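Novice: model this:
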Amino acid sequence: MSPVRRCSRTACGRPAVATLTYVYADSTAVLGPLATYAEPHCYDLCAEHSERLTAPRGWEVVRLSDPSAPSRPSGDDLEALANAVREAARPQERGDGTRGGARTADPMEVARRGHLRVLRSPDS
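Specialist: Okay, the predicted model is just below:
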């Protein structure tokens with residue numbers, strides 16, 4: 001017997017990454033990280049089948065995240081990044097051209113935010 005558990009779906013031989021459990025009393029399907037042990041009343045699913053999982057009408061699907069899995073960037077992360085880039089791109093008033101008195105700005109640098117720099121186009 002192979003030590004790798006396979007997807008429970010018929011004709012799917014991919015390795016399992018998640019475990020599906022039905023809670024009939026609550027009309028809920030719970031999809032979580034792969035269980036430590038194979039249980040007879042649970043279903044192991046591959047990545048593709050766990051992503052496409054739907055529940056019957058009136059049922060709720062609860063997806064438990066795997067804390068060890070890499071998280072995907074959310075829409076809020078993308079919006080925060082876009083706002084930071086927009087703010088860095090705004091022209092800022094330069095006093096004497098020095099930052100903290102110790103370092104002069106690069107002549108191609110237009111703005112700075114943290115470790116990000118906005119550079120002037122070579123054409124302008």
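
Novice: ok, residue 20 - contacts?
Specialist: By C-beta atoms under 8 Å, 6 or more residues apart in numbering, the contact set of residue 20 is 8, 29, 30, 31, 42, 43, 44, 45, 50, 53. All C-beta atoms are positioned from the backbone trio N, CA, C, and that covers glycine.

Novice: phi and psi next, for it.
Specialist: phi -110, psi 130 (degrees, to the nearest 10).

Novice: now residue 48
Specialist: phi -60, psi -50.

Novice: count the neighbours of it for me.
Specialist: 13 (other C-beta atoms under 10 Å).

Novice: check what pLDDT it gets.
Specialist: pLDDT for residue 48: 94.

Novice: residue 51 versus the closest residue to it other than its chain neighbours, what's the distance?
Specialist: Computed as C-beta to C-beta, 6 or more residues apart in numbering, the closest residue to residue 48 that is not its neighbour in sequence is residue 14, at 7.0 Å. With distances taken as C-beta to C-beta, to the nearest Å, residue 14 is found 12 Å from residue 51.

Novice: cool, thanks, signing off.
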